[in-house]
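In: give me the fold of what follows.
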Amino acid sequence: MTAPHRSVVITGLGTICSIADSPDTFWESLCDGTTSISAIESFDASGFTSQLAGQVSAKVRDWVPKSYRKATKVMARDTELGVIAAKIASDHAGLLTSGSDEGDTGFQINPARTGCQIGAGLIAADTAEMSRAVVTATDSSGAFNTKEWGTEDDGQAGMNNLPPLWLLKYLPNMPACHVTIIHGLQGPSNTIMGAEAGALLSIIESTRVIRRNAADMCLTGGAESRINPLGLLRWDYAGRLAESVADADPSEIIKPFDPSSQGSIMGEAGGMLVVEEETHANKRGATAYARITGYATTQSINPTLPIFDEDPADDEALSRAIDIAIAQAGLSPQDINAVLPLGIGDANLDAREAGAIRRSLGDHAETVPLVTLTERIGNTLSAHAGLMTATGALILHHQHLPALTRTLNNSGVYTPDKNTPIQHILICTSSLAGQCSALVLSKI
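Out: Numbers count the residues shown, from 1 in each chain. Purely as a prediction, here's the structure:
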């Protein structure tokens, strides 16, 4: 006998980024057209190609129970952002968990029926921590020596000079680990590494978990920070960053879907959601911001590798994901009222993404409104699609588009028809490693 269909809705939004530390301030900033990219402050970036970023000022100690503050000492920045975003999402959904503040009221979760899926990146080690150990593993000339780093054959065990529990700070599953411990979540848990697609892959996995009746709700999304020396270098070498000095005007650098765009800029963020089975949400009186009606994931060839004689006109795998998600939602391309694409400002990657949207939406692609976040907060990688999904849910809930909305055939500001209801939104993204995801949100 076929199991009954379990509809999944979004009931909580956790948005922590350079323009906001709550769903309300996030929406206000989007509507105001706020951008917050500025000179990197967390370290001296004067020798780096890219010296601008979207930065978060929040401190994780302010977002965890007093009994858990000692554990923040072994949290990398990515984990901190995931923990903060999860707390914001849980509170926004009106949940009571073991991570709630004393005196809070709300819906007491069933831990065994609450899961957690989080998109994460390759967490970069703190250079100071690493350097203090590396300098103890050098040879007589002062060069790093792998033998001195290890313990075999009378090695000097330089690696033992890393801080205690060092590895536990930088494992990619640590954001999900801390979130599940803090909130007492005992349902299905997973960490998905997919760069810019990571959060969307996790949201889709959470939806599947709920639809197969393994949980009633999940904390899901992503978090990442590459605003550190190693993270910034990696993405510079990947060819994803624009040259930018500390006093440059970011609006002249990042121009999504504009051929004159100079490239992308990093940001750090956490984008988490509470997704919930719709009947369960209704019974507890939760506010549902959007319904998840279609989704798909595909894999493409890494778009940054120089393996083509000519750059392809579109990302066929992303187009397939879009097609499947729209079909699963029972819609046609013309039913999509707005698109939230990645749009990181890299001219080649944006052109491929635009080609995929055109392939899937046909003529409708030229006029459908596009909402992008990168020019406001930078490319926040594993967090980005979590923030994109939160944006889509807020658009459906408030029934209007934020500032800086554009179209593919015109990089200027889009002027919406206020008489046209917004019923369905497409969220789609490719990624550095080629994972592609698409999600359709529909109005409740």
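In: for Gly343, what are phi and psi?
Out: phi 50, psi 60 (degrees, to the nearest 10).
In: tally of neighbours for it?
Out: 28 (other C-beta atoms under 10 Å). C-betas here are computed from N, CA, C, even on glycine.
In: doesn't Pro256 make contact with it?
Out: Yes - assessed by C-beta atoms under 8 Å, Gly343 is found in contact with Pro256 at 3.4 Å.
In: touching both of the two, which residues are there?
Out: Among the neighbours of Gly343, those also in contact with Pro256 (C-beta atoms under 8 Å, 6 or more residues apart in numbering) are Asp350, Leu370, Thr372, Thr374.
In: reformat those residues as JSON lines; add neighbour count, distance to Ser38 and pLDDT.
Out: Formatted as JSON lines, these follow (neighbours: other C-beta atoms under 10 Å; distance: C-beta to C-beta, whole Å; pLDDT from 0 to 100):
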{"residue": "Asp350", "neighbour count": "24", "distance to Ser38": "23", "pLDDT": "91"}
{"residue": "Leu370", "neighbour count": "23", "distance to Ser38": "25", "pLDDT": "95"}
{"residue": "Thr372", "neighbour count": "23", "distance to Ser38": "19", "pLDDT": "96"}
{"residue": "Thr374", "neighbour count": "28", "distance to Ser38": "15", "pLDDT": "95"}
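In: farthest-separated two in those residues?
Out: Across these, the longest distance by C-beta to C-beta is 11.7 Å; it joins Leu370 and Thr374.
In: what do these two both touch?
Out: Pro256, Gly343.
In: which residues touch Gly271?
Out: Gly271 neighbours (C-beta under 8 Å, 6+ apart): 14-17, 85, 199, 221-223, 380, 383-390.
In: let's see 7 Å
Out: Each residue near Gly271 by C-beta atoms under 7 Å, 6 or more residues apart in numbering is listed here: Thr15, Ala85, Ala199, Gly221, Gly222, Ala383, His384, Gly386, Leu387, Ala390.
In: surely the second one is within a helix?
Out: This means Ala85. Yes - counting by DSSP: H, G, I helix; E, B strand; the rest coil, Ala85 is found in a helix.
In: what sits up against stretch 341-353?
Out: For stretch 341-353, using C-beta under 7 Å, 6+ apart, the contacting residues are 196, 240, 254-257, 259, 261, 263-264, 303, 311-312, 314-315, 318, 357, 370, 372, 374-375, 379, 384, 428-430.
In: so, low pLDDT: which residues of this protein?
Out: 1-4, 302-313, 410-419 (pLDDT under 70).
In: which member of the shared contacts of Gly343 and Pro256 is positioned nearest Ala76?
Out: Once C-beta to C-beta is applied, the member of the shared contacts of Gly343 and Pro256 that ends up nearest Ala76 is Thr374, at 23.0 Å.
In: tell me the phi and psi of the closest one?
Out: Torsion angles, degrees, to the nearest 10, at Thr374: phi -60, psi -40.
In: which PyMOL command selects the buried ones in the contacts of stretch 341-353?
Out: In PyMOL syntax, the buried subset of those is picked out as below (16 or more other C-beta atoms under 10 Å):
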select buried, resi 196+240+254+255+256+257+261+263+264+303+314+315+318+357+370+372+374+375+379+384+428+429+430
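In: just checking, which of the contacts of stretch 341-353 belong to strands?
Out: Cys428, Thr429 (DSSP state E).
In: for Phe144, what are its contacts?
Out: By C-beta under 7 Å, 6+ apart, the residues touching Phe144 are Val134, Ala137, Thr138.
In: of those residues, keep whichever come out buried.
Out: Val134, Ala137.
In: looking at the contacts of Phe144, which are in helices?
Out: Under the assignment DSSP state H, the contacts of Phe144 contribute Val134 to helices.
In: between the contacts of Phe144, which is closest to Pro229?
Out: Nearest to Pro229 among these, with distances taken as C-beta to C-beta, is Val134, at 13.4 Å.
In: quick one: the helices in the stretch 201-350 of the chain?
Out: Per DSSP state H, counting those that start in this stretch, the stretch 201-350 of the chain carries helices over the ranges 229-237, 278-283, 316-328, 347-361.
In: between the ones you listed, which gets nearest to Ile203?
Out: helix 316-328 (12.0 Å).
In: can you list the neighbours in contact with that closest one?
Out: Contacts of helix 316-328 (C-beta under 7 Å, 6+ apart): 294-300, 333, 336, 353, 356, 359-360, 426, 428, 430, 436-440.
In: dump the residue contacts of Thr127.
Out: Counting by C-beta under 7 Å, 6+ apart, Thr127 makes contact with Pro229, Leu230.
In: swap that for Asn145, sorry
Out: Contacts for Asn145 (C-beta under 7 Å, 6+ apart) come out as Ala137, Thr138, Asp139.
In: now do His280
Out: Taking C-beta under 7 Å, 6+ apart as the test, what His280 contacts is Asp216, Met217.
In: returning to what we had before: nearest to Glu366, of the contacts of Gly271?
Out: His384 (24.6 Å).
In: what's the nearest residue to that closest one if we skip its chain neighbours?
Out: Once flanking residues are discounted, His384 sits nearest to Glu196: 5.4 Å by C-beta to C-beta, 6 or more residues apart in numbering.
In: that neighbour and Thr372: what is the separation?
Out: In this view, Glu196 and Thr372 are 12 Å apart by C-beta to C-beta, to the nearest Å.
In: just the strands in the stretch 51-200 of the chain please.
Out: Assigned by DSSP state E, counting those that start in this stretch, the stretch 51-200 of the chain shows strands spanning 52-54, 95-96, 107-108, 114-120, 189-193.
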